[in-house]
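Asks: my questions concern the predicted model and sequence given below.
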Amino acid sequence: MNNKTVSFLSLAVIGMIAMACQAFSPDQGHDPWTAQQLMPPAELAKQIKEGKAAEFHVFNIGPSGAILGSVEIGEGRDSGNIAKLKTRLSELPKDANVVVYCGCCPFKNCPNVRPAMKLINEMQFTNGKLLDLRENLKVDWIDQGYPMAD
């Protein structure tokens, strides 16, 4: 084989390895929510403080930390908990104000929010939201003095 053939084959092998790595990597950059589906914590807190919490169906899909009026589902990475969320969501009209949150870590790394938001979108909820807890529940909610369950 000449040097051109070896170089071409090396490039081809490197390209195939790169494509294989991409195929087996997590779906980075393709979060199952849009920017419009992110709800600022201050917005939900305001609704709760103004007595409008009943207009929102808030589901805790994380390991702990109950926002006032939220329903604890359990960690979203567990398929059994996603099944519980599906059961609860199936009781609601498709235009219900649904909000999910975790808050265990920055949600760019969170294993719980993606399965829940994927489900909300698959079930075609028109007002499905992810509470925009960029850091975690403590920093973005509790430290702001927003309402927590007792």
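Replies: Thanks, I have it.

Asks: so what does Gly128 look like in phi/psi?
Replies: For Gly128, the backbone dihedrals (degrees, to the nearest 10) come out as phi -80, psi 130.

Asks: Asp31 now?
Replies: Recorded main-chain torsions at Asp31 are phi -70, psi 150, according to degrees, to the nearest 10.

Asks: which residue sits closest to it, ignoring its sequence neighbours?
Replies: Leaving aside its sequence neighbours, Asp31 sits nearest to Arg114 (C-beta to C-beta, 6 or more residues apart in numbering; 6.8 Å). The way it works is simple: take the backbone N, C-alpha and C, and place the C-beta from them, glycine included.

Asks: ok, now which ones touch that neighbour?
Replies: For Arg114, the residues meeting the contact criterion (C-beta atoms under 8 Å, 6 or more residues apart in numbering) are Asp31, Pro32, Gly76.

Asks: with neighbour count, distance to Val98 and pLDDT added, can I get those in JSON lines?
Replies: Written out in JSON lines, the entries for those read as follows (neighbours: other C-beta atoms under 10 Å; distance: C-beta to C-beta, whole Å; pLDDT from 0 to 100):
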{"residue": "Asp31", "neighbour count": "17", "distance to Val98": "17", "pLDDT": "91"}
{"residue": "Pro32", "neighbour count": "18", "distance to Val98": "14", "pLDDT": "93"}
{"residue": "Gly76", "neighbour count": "26", "distance to Val98": "13", "pLDDT": "96"}
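
Asks: okay then, goodbye and thanks.
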